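# Predicted model and sequence follow; I will ask about them next.
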Amino acid sequence: MPIRQYVTMLLGALCLSATQMSSADTLFSSYPDSKIRESLIRHYDRYDIITAKQATSFDTLMLGGHLSRQYYEISNAHSLETIYKNYLKAIESKQGKILFSCKGEKQCGNYKTIFSYIKPLKTIQKSNPYIITAQFTQAGQQHYVSLMLVNWAKGNGLQLDVITEQPEPLDLVSVNSDYLEQPPTFDYTEIGFKDTKGSSDHPLVSRIPGSKLLDYQSLGFDKNTLVAQIDPKGKKHGTITANGKTTLLGYAIPREYSEFEVFENYRNALRQAGFVETAHCEGKACGKTKKFKQQIHAQRGVGSDKNQHYSLMILDQPTGKLWATIYVIGSAGSLAANLHIVEASELNNERLAVDVDAITNAIETTGHIALEGLLFKFDSDQLLPESDPVVEQIALYIKSQPNKLFYVIGHTDDKGDADYNQKLSQKRAEKIYSVLTKQHAIKRSQLSARGAGEYSPVASNLNEAGQKENRRVELVLRSDKH
């Protein structure tokens, strides 16, 4: 189903029409003296509806479709028996088919067992359960109702769920096949974590409609440990190593989507592109969320252990192997999707842009040198490993000049806030100072760290090429002795 048609269908389902039974409020009028305390709508989700009672369990029917859940509090001026009979009568008046019903713990069983199946949005009421499940057929479409009544000291609780069967929408995410035919490209001008404004989708995979990319990290080359073998107990997962261009993305997803719907859309999109799933876990089989998120480098998301979905998918192609992990997790008020994409490549060990001779010549000629090859994570003072050879050459030069003093000066382009740029340039200069003095035994008295922010450009900030030149760290010879 095309996305536009799907969205139109969802909007129609939310309209308060008596003929479209897509939510509890459209199917039943509000019960007198009732208030909605919790509400949940999912475009598509799986739902187990009770169809029969066994000695210590229930038989269920797995459904998939548009799900609407409401939890009501109803005044205890109304007895559970009367509420129960009113809903039975309302269902029968519309030719609904009763699939299952029971009254009280004698017929329905222990409330803890019932709650484990129905999973009400609120669980404070714990006595005298009543259950009704029913089916409606209208215009060739199947609508199912799950109703649970319970009682507590101050009133009655009603969990009312309506699911309208429909095919799972699996066209919300697409894969750019042209991207797969190209070798990885590298851009070291904007590496690492970006804020919402500066982040961008990976060119391979689109985003879920309505979602926001709030966490982003991209490295031209990195060593990655990926969960590739699932321990069913969720404790000791097996891993593999994947090296190459690395992208991590963390999306905030509208809560109207279910975890399952988001996960299956990403999974389906990658399968259509030729990816093969090699590891998969759901819920507690993934393990404790905090530990598992750290292990898979998830950028964002909170939720319980049971709300996790993970997959590792691999694509072998002539231009190199691709690894992609999907991790979706949700809580009552939030939903997040994490993508980790690795494109096989070799580490470029030829990034050294300055050596001792180049530094010596530049300092003797102009009194300063821009230290090309010093690479920082975007919006950070964290040096990338590729910078180590450059730092070593700077250290060798300074050690050869024990009687000279130097400034280490950080510079930025003029993108963003000037005060922020000033602080970032100072932090980067201090980072180089710290590495030289602590790791390379340069005398502290030889160096001073300063941040110049955006105020000393060497090129135009009106284009990316100029901005790149302006993002630099310089070593400057001092003539004073202070």
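Arrived safely, thanks for sending.
# all contacts plus neighbour counts: C-alpha atoms, from now on.
Fine.
# mind giving me the domain split of this structure?
Listed by automatic domain parsing, the domain ranges of the chain are 3-165, 177-344, 356-478.
# and residue 116, how many neighbours does it have?
Using other Cα atoms under 10 Å, residue 116 has 9 other residues around it.
# all strands of the stretch 301-450 of the chain, in order?
Shown for the stretch 301-450 of the chain, the strands assigned by DSSP state E, counting those that start in this stretch span residues 308-315, 322-330, 335-344, 368-370, 405-411, 447-453.
# Are there helices or strands packed against the longest one, and which ones?
Spelled out, it's strand 335-344. Judged by 3 or more Cα pairs under 8 Å, 6 or more residues apart in numbering; DSSP states H and E, the packing partners of strand 335-344 are strand 238-252, helix 259-272, strand 322-330.
# Apply 6 Å and report the result again.
Of the remaining helices and strands, those touching strand 335-344 by 3 or more Cα pairs under 6 Å, 6 or more residues apart in numbering; DSSP states H and E are strand 238-252, strand 322-330.
# swap in the second one?
In terms of contacts (3+ Cα pairs under 6 Å, 6+ apart), strand 322-330 is packed against strand 308-315, strand 335-344.
# With the first one instead?
For strand 308-315, the packing partners by 3+ Cα pairs under 6 Å, 6+ apart come out as strand 276-282, strand 322-330.
# can you do 10 Å?
Contact partners of strand 308-315 among helices and strands, from 3 or more Cα pairs under 10 Å, 6 or more residues apart in numbering; DSSP states H and E: strand 212-229, helix 259-272, strand 276-282, helix 289-296, strand 322-330, strand 335-344.
# by how many degrees do the fifth one and strand 276-282 diverge?
Same thing as strand 322-330. Orientation note: strand 322-330 sits at an angle of 20 degrees relative to strand 276-282 (axes from the mean of the first three to the mean of the last three Cα atoms, to 10 degrees).
# any idea which helix or strand of this protein has the worst average confidence?
The least trusted helix or strand in the chain, going by mean pLDDT, DSSP states H and E, turns out to be helix 3-14, with a mean of 38.
# List the buried residues for the longest helix seen in the chain?
Scanning the chain for the helix with the most residues, using DSSP state H, yields helix 418-439. Residues 421-437 are the ones in helix 418-439 that count as buried (16 or more other Cα atoms under 10 Å).
# Show me what the helix or strand that contains residue 73 pairs with in its sheet, parallel or antiparallel.
Per DSSP states H and E, residue 73 falls inside strand 58-74. Counting by DSSP bridges, the strands paired with strand 58-74 are strand 34-53 (antiparallel), strand 155-165 (antiparallel).
# Give me whichever of the ones you listed is most buried.
Of the strands paired with strand 58-74, the one with the most neighbours on average (mean count of other Cα atoms under 10 Å) is strand 155-165, at a mean of 25.
# Off-centre distance for the helix or strand that that one is followed by?
Once the chain leaves strand 155-165, the next helix or strand it forms, by DSSP H and E, is helix 177-180. Relative to its chain's centre, helix 177-180 lies at 23 Å (Cα atoms, centre = their mean, to the nearest Å).
# Would you mind listing the buried residues in helix 177-180?
Quick answer for helix 177-180 (16+ other Cα under 10 Å): residue 180.
# neighbouring contacts of it?
202-205, 272-274, 315, 317-322, 343 (Cα atoms under 10 Å, 6 or more residues apart in numbering).
# Please indicate which of those are buried?
202, 205, 315, 320, 321, 322, 343.
# For the closest residue in space to the second one that isn't next to it in sequence, grab the count of nearby residues.
In space, and not counting its chain neighbours, residue 205 is closest to residue 175: 4.8 Å by Cα to Cα, 6 or more residues apart in numbering. Neighbouring residues of residue 175 were enumerated by other Cα under 10 Å; the total is 20.
# And residue 175, what's its pLDDT?
Here, the pLDDT recorded for residue 175 equals 87.
# Are we agreed that residue 114 is in a helix?
Yes. Judged by DSSP: H, G, I helix; E, B strand; the rest coil, residue 114 forms part of a helix.
# quick one, what contacts the closest residue to it other than its chain neighbours?
Distances taken as Cα to Cα, 6+ apart place residue 108 nearest to residue 114, at 7.7 Å, with adjacent residues excluded. Residues in contact with residue 108 (Cα under 10 Å, 6+ apart) are 52-58, 101-102, 114, 128-131.
# Those residues into CSV, with extra columns for distance to residue 40 and pLDDT?
Shown next, in CSV, are those (distance: Cα to Cα, whole Å; pLDDT from 0 to 100):
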residue, distance to residue 40, pLDDT
52, 26, 95
53, 27, 93
54, 29, 92
55, 31, 89
56, 29, 89
57, 26, 92
58, 24, 94
101, 24, 95
102, 25, 95
114, 20, 91
128, 25, 88
129, 22, 93
130, 21, 95
131, 20, 96
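# From residue 328, how far off is the nearest residue to residue 335 once chain neighbours are set aside?
Among residues not flanking residue 335 along the chain, residue 253 sits closest, at 5.2 Å (Cα to Cα, 6+ apart). Note on residue 253: its distance to residue 328, by Cα to Cα, to the nearest Å, is 10 Å.
# that older thread, okay, the domains of the chain in TSV with distance to residue 171 next?
Shown next, in TSV, are the domains of the chain (distance: least, Cα to Cα, whole Å):
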stretch	distance to residue 171
domain 3-165	7
domain 177-344	7
domain 356-478	33
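# quick one: low-confidence ranges for this protein?
1-26, 183-198, 346-354, 378, 481-482 (pLDDT under 70).
# Tell me the spacing between the nearest residue to residue 125 once chain neighbours are set aside and residue 118.
Counting by Cα to Cα, 6+ apart, residue 125 lies nearest to residue 152, which is 5.0 Å off, once chain neighbours are set aside. Note on residue 152: its distance to residue 118, by Cα to Cα, is 18 Å.
# burial count for residue 316?
For residue 316, the neighbour count with other Cα under 10 Å is 13.
# Next: residue 462.
11.
# Quick check on it: phi, psi?
phi -80, psi -10 (degrees, to the nearest 10).
# give the contact list for it.
Contact analysis of residue 462 by Cα under 10 Å, 6+ apart lists 413, 414, 415.
# Counting neighbours, which of these comes out on top?
residue 413 (26 neighbours).
# now it: how far from residue 462?
Taking Cα to Cα as the measure, residue 413 and residue 462 are separated by 10 Å.
# likewise residue 114?
65 Å.
# likewise residue 440?
Taking Cα to Cα, one finds residue 440 at 38 Å from residue 462.
# cool, residue 202 as well?
For residue 202, the distance to residue 462 - Cα to Cα - is 26 Å.
# ok so, going back, to residue 87, which of the helices and strands packed on strand 335-344 lies closest?
Of all the helices and strands packed on strand 335-344, strand 322-330 sits nearest to residue 87, with 32.3 Å by Cα to Cα.
# What pairs with that closest one, parallel or antiparallel?
strand 308-315 (antiparallel), strand 335-344 (antiparallel).
# can you redo the ones you listed as a markdown table with distance to residue 367?
Formatted as a markdown table, these follow (distance: least, Cα to Cα, whole Å):
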| stretch | distance to residue 367 |
| --- | --- |
| strand 308-315 | 52 |
| strand 335-344 | 42 |
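# Can you tell me which of the ones you listed is packed in deepest?
Of all those, strand 335-344 has the most neighbours on average by mean count of other Cα under 10 Å, namely a mean of 26.
# how far is it from where the chain is centred?
8 Å.
# Just the CA atoms of it, as CSV, please.
Extracted in CSV, the C-alpha atoms of strand 335-344 (Å, rounded to 0.1, in the frame of the first residue of the first chain):
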residue,chain,number,x,y,z
LEU,A,335,9.8,5.3,20.7
ALA,A,336,13.3,5.2,19.2
ALA,A,337,15.0,3.4,16.3
ASN,A,338,18.7,3.0,16.1
LEU,A,339,20.6,2.1,12.9
HIS,A,340,24.3,1.1,12.8
ILE,A,341,25.7,0.8,9.3
VAL,A,342,29.2,-0.4,8.5
GLU,A,343,30.6,-0.3,5.0
ALA,A,344,33.8,-2.4,4.6
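# All good on my end, thank you.
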